[in-house]
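Enquirer: let's see this in three dimensions:
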Amino acid sequence: MPDDVLESLFQDDHGRIWVSTRHGIAYFENGRFIPVSAAPVGTVHSIAGDTAGNLWVSQDHDLFHLLRGSVVELIPWARLGRKDWADVLFADPVQSGLWLGFRQSGLAYFKDDQIRASYSGADGLGEGFVSSLQLDRDGALWAGTQRGLSRTKNGRLGTLTSKNGLPCDTVLWVMEDNDHSFWLYMACGLVRIARSELDAWVADPKRTIQARVFDSSDGVRSHATPTGSNPGVVKAADGKLWFVAGDGVGVIDPRHLPVNKLPPPVHVEEVKVDGNPWDASHGWRLPALTRDLEIHYTALSLVAPEKNRFKYKLEGRDSDWKDAGNERQASYTDLRPRNYRFRVMASNNSGLWNETGDSLNFSIAPAYYQTAWFLLSCVAACLALLLLLYRLRLHQIAREFNARLEGRVDERLRVARDLHDTLLQSFQGLLLQFQGARNLVKRRPDDAEQVLDSAIDNAARAITEARDAVHEMRSSTVVTNELAKAIRALGEELAEQQTAAKVDTPALSVEVEGASQELHPILRDEVYRIAGEAVRNAFRHAGAKRIEVEIRYDARKLRVRVRDDGSGIDASLLNEGREGHYGLPGMRERAKAIGGQLEVWSERGAGTEVELTIPVSVAYADRGRGARWFRRKVGTDS
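Expert: Residues are numbered from 1 along each chain as shown. Reported below is the predicted structural model:
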């Protein structure tokens, strides 16, 4: 041999044993070693060969190809686009190509001096170094990597990891035994996976597999990194697996494995409620508002208790079994009041499960607000509240409708009052003038003509009043704020009409007490119309010789008083009024609408007195309350 320090061994199809050393490569044939003089010197990581006699050797910098003991070609790794080297080589007997598993990461298929396919972590290959390659009976290639066991076939790639049931992720080598089960030498021990489990995983990549682990308790030495020698395992003719262990050579016979056939008894040991052990003598109805619940259980299997595995399920909460591994405790923090059944099963060191296991029935009492009667009460209260809100809304709609209806009625009454105080009064004055003209037309035609001209002018004014009536309903007809001046003007107009009709005209006096105050326009208009109606009645119906009007502004109220010395009003007419006449009812309605009080005193032959009083808070425009009252009142009436 070129050297006494061996690195890799390989047996080709002709029975020759190939040996790599630090100073060269040789093969053993006819009882002696024959060096390959053309082979480059360097560390050899892996040797592989095919049925055609081709031999491939992986070194740090190159991949070289030998045929019949002679070097055919030398291929630098850089030429294949790699900065590292292939730690493992595998000749594919089906496709006549070479699989390359690289030191840092990646898997490639090499044929006819070029890379035909390449896989990386982005394609689903396990990350990290590739340490072993194995072709199974179905033609699928399995690769042991630092992050799981990868499988590729027909361009499809998947990786089995600890998320799918592997005890850990680092796979140092993989081998298929004569029963087609897979053996994985991993950082956590020697792992056996039945072929049925692998087939089920291939069909459903999200499936969790069951695996059996042989570790130090079974005499298996394991390590986390590759040994540097490939292959690290061989299968002998008798089916035994020989492999390089951490401190020597290990051997296992897959057909004669120790099996523990006794299912482990399972027992629920203890229950803790909010951190305190629960006394079973109190029964299994746990108190209301239980926050933390711990259930401790165990399996009585002492062969290798650290290999016992557990599954548990809380019926009433969990929809499926939970794999607890070797944990012997289940914890819950979100249990609602109801009945529960806790079930637990366990397996022994050989993976044999006691599926009957043990169970515990318990319940959690509800707090008062978690009871059915409380929930029904809340539902009933909510329904009652909704009904109340519905009734309130109906009441509000009815009130708004009634308010709008009352507003329309008030508006009609207001229109009636305005017609009475404007058009009817004007027409009544015209009648007096027409009557006077008729009386003069035969005896004094010139005077009758003058009276008719005056009547025509008054008729034009009546038409103007009718045209402006709508506008005047929304704005004050009294342009000036001086009530006294407006009433005097009204008196002068009435006196002219009386004179034209040859009717005796009473004397009118208007007195003002206190400093004149600014009034709200609508209130000012209503006060004027009330006082004006009283003055008209005194002029036209009372037969009075004197009419007195007093307007008093003081600190408490506004008072307007109209007195005459006429014939008076019959007592029966003061309250009920005369059919077809709306003067007094209209005055009372106006007074009520503006928040005032109207009083009428009269006797036959003693004259009449009309007094209107309005509180200061309502009457004067510079008082905020009065302004707000009128804005609200006007908005309601509109």
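Enquirer: and the longest strand for the chain?
Expert: Longest strand in the chain by number of residues, with DSSP state E as the criterion: strand 353-364.
Enquirer: just checking: what are the partner strands of that one?
Expert: Under the criterion DSSP bridges, strand 353-364 sits next to strand 285-286 (parallel), strand 339-347 (antiparallel) in its sheet.
Enquirer: dump these to TSV, plus mean pLDDT and mean neighbour count.
Expert: Using the backbone N, CA and C atoms, a C-beta is placed for each residue, glycine as well. Shown next, in TSV, are those (pLDDT from 0 to 100; neighbours: other C-beta atoms under 10 Å):
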stretch	mean pLDDT	mean neighbour count
strand 285-286	94	16
strand 339-347	96	21
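Enquirer: please convert those strands to JSON lines, extending it with distance to E7.
Expert: Formatted as JSON lines, these follow (distance: least, C-beta to C-beta, whole Å):
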{"stretch": "strand 285-286", "distance to E7": "66"}
{"stretch": "strand 339-347", "distance to E7": "42"}
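Enquirer: returning to that earlier point: could you point out which element follows the longest strand of the chain?
Expert: helix 372-419 (DSSP states H and E).
Enquirer: who are the packing partners of that following helix?
Expert: On a contact count with 3 or more C-beta pairs under 8 Å, 6 or more residues apart in numbering; DSSP states H and E, helix 372-419 meets helix 469-474, helix 583-593, helix 624-637.
Enquirer: run through the bridge partners of R561.
Expert: With DSSP bridges as the rule, R561 is bridged to E550, E611.
Enquirer: any idea where the helices of the stretch 501-638 of the chain begin and end?
Expert: 521-540, 571-576, 583-593, 616-619, 624-637 (DSSP state H, counting those that start in this stretch).
Enquirer: quick check: which of those helices is buried the most?
Expert: helix 521-540 (a mean of 23; mean count of other C-beta atoms under 10 Å).
Enquirer: just checking, what packs against that helix?
Expert: Where contact means 3+ C-beta pairs under 8 Å, 6+ apart, helix 521-540 is packed against helix 483-500, strand 546-553, strand 557-564, helix 583-593, strand 607-615, helix 624-637.
Enquirer: for Y390, which of these is the nearest?
Expert: helix 624-637 (25.6 Å; C-beta to C-beta).
Enquirer: state the mean pLDDT of the closest one.
Expert: The pLDDT scores in helix 624-637 average 48.
Enquirer: go on, stretch 96-111?
Expert: pLDDT averaged over stretch 96-111 gives 91.
Enquirer: same check, this time on stretch 167-186
Expert: 92.
Enquirer: any idea how far apart the tips of that stretch sit?
Expert: End-to-end distance for stretch 167-186: 9 Å, by C-alpha to C-alpha, to the nearest Å.
Enquirer: stretch 64-78 too?
Expert: End-to-end span of stretch 64-78 (C-alpha to C-alpha): 13 Å.
Enquirer: and for that stretch, what's in contact with it?
Expert: By C-beta atoms under 8 Å, 6 or more residues apart in numbering, the surrounding residues in contact with stretch 64-78 are 27, 34, 36, 38-40, 53-57, 61-63, 83-86, 113.
Enquirer: does V503 touch L494 like I think?
Expert: No: checked against C-beta atoms under 8 Å, the pair V503 and L494 is beyond contact range at 10.3 Å.
Enquirer: comparing the two, which residue is more hemmed in?
Expert: L494 (22 against 15; other C-beta atoms under 10 Å).
Enquirer: quick one, what contacts the more buried one?
Expert: Neighbouring residues of L494 by C-beta under 8 Å, 6+ apart: 429, 535-536, 539-540.
Enquirer: what's the most distant pair in these?
Expert: Greatest spatial distance in the contacts of L494: G429 and V535, 13.2 Å, computed using C-beta to C-beta.
Enquirer: for the residue nearest the centre of the chain, give me the pLDDT.
Expert: The residue lying closest to the centre of the chain (C-alpha atoms, centre = their mean) is D334, at 22.4 Å. Looking at D334, its pLDDT reads 86.
Enquirer: what secondary structure does it sit in?
Expert: The local conformation at D334, judged by DSSP: H, G, I helix; E, B strand; the rest coil, is coil.
Enquirer: for L198, same thing?
Expert: At L198 the chain is in helix, as set by three-state DSSP.
Enquirer: also the one 4 residues further on?
Expert: Going by three-state DSSP, the secondary structure assigned to V202 is helix.
Enquirer: could you check the pLDDT of it?
Expert: 93.
Enquirer: burial check on it, number of neighbours?
Expert: 16.
Enquirer: pretty sure it is in contact with L149, am I right?
Expert: No: at 11.6 Å, V202 does not count as touching L149 under the criterion of C-beta under 8 Å.
Enquirer: can you pull up the bridge partners for D62?
Expert: P76.
Enquirer: report the separation between it and R79.
Expert: Applying C-beta to C-beta, to the nearest Å, the value for D62 to R79 is 9 Å.
Enquirer: cool, S181 as well?
Expert: Noted for S181: a distance of 40 Å to R79, by C-beta to C-beta.
Enquirer: hang on, the earlier thing: what comes up buried for the longest strand of the chain?
Expert: Neighbour-count burial for strand 353-364 flags 353-354, 357-358, 360, 362-364 (criterion: 16 or more other C-beta atoms under 10 Å).
Enquirer: including distance to N154 and pLDDT, could those go into JSON lines?
Expert: Below are the buried residues of strand 353-364 laid out as JSON lines (distance: C-beta to C-beta, whole Å; pLDDT from 0 to 100):
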{"residue": "W353", "distance to N154": "36", "pLDDT": "92"}
{"residue": "N354", "distance to N154": "41", "pLDDT": "94"}
{"residue": "G357", "distance to N154": "43", "pLDDT": "94"}
{"residue": "D358", "distance to N154": "47", "pLDDT": "96"}
{"residue": "L360", "distance to N154": "50", "pLDDT": "96"}
{"residue": "F362", "distance to N154": "53", "pLDDT": "96"}
{"residue": "S363", "distance to N154": "55", "pLDDT": "95"}
{"residue": "I364", "distance to N154": "54", "pLDDT": "94"}
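Enquirer: for these, which one is nearest Q104?
Expert: So of those, ranked by how close each gets to Q104 (C-beta to C-beta), first place is W353, at 40.9 Å.
Enquirer: could you chop this protein up by domain?
Expert: Domain assignment of the chain by automatic domain parsing yields the ranges 6-169+222-252, 266-370, 389-637.
Enquirer: need the helices for the stretch 201-350 of the chain, in chain order.
Expert: Using DSSP H, counting those that start in this stretch, the stretch 201-350 of the chain contains no helices.
Enquirer: picking that back up, to K235, which of the helices and strands packed on helix 521-540 lies closest?
Expert: helix 624-637 (101.5 Å).
Enquirer: now, the most widely separated pair of the buried residues of strand 353-364?
Expert: Longest span within these, C-beta to C-beta: W353 and I364, 29.6 Å.
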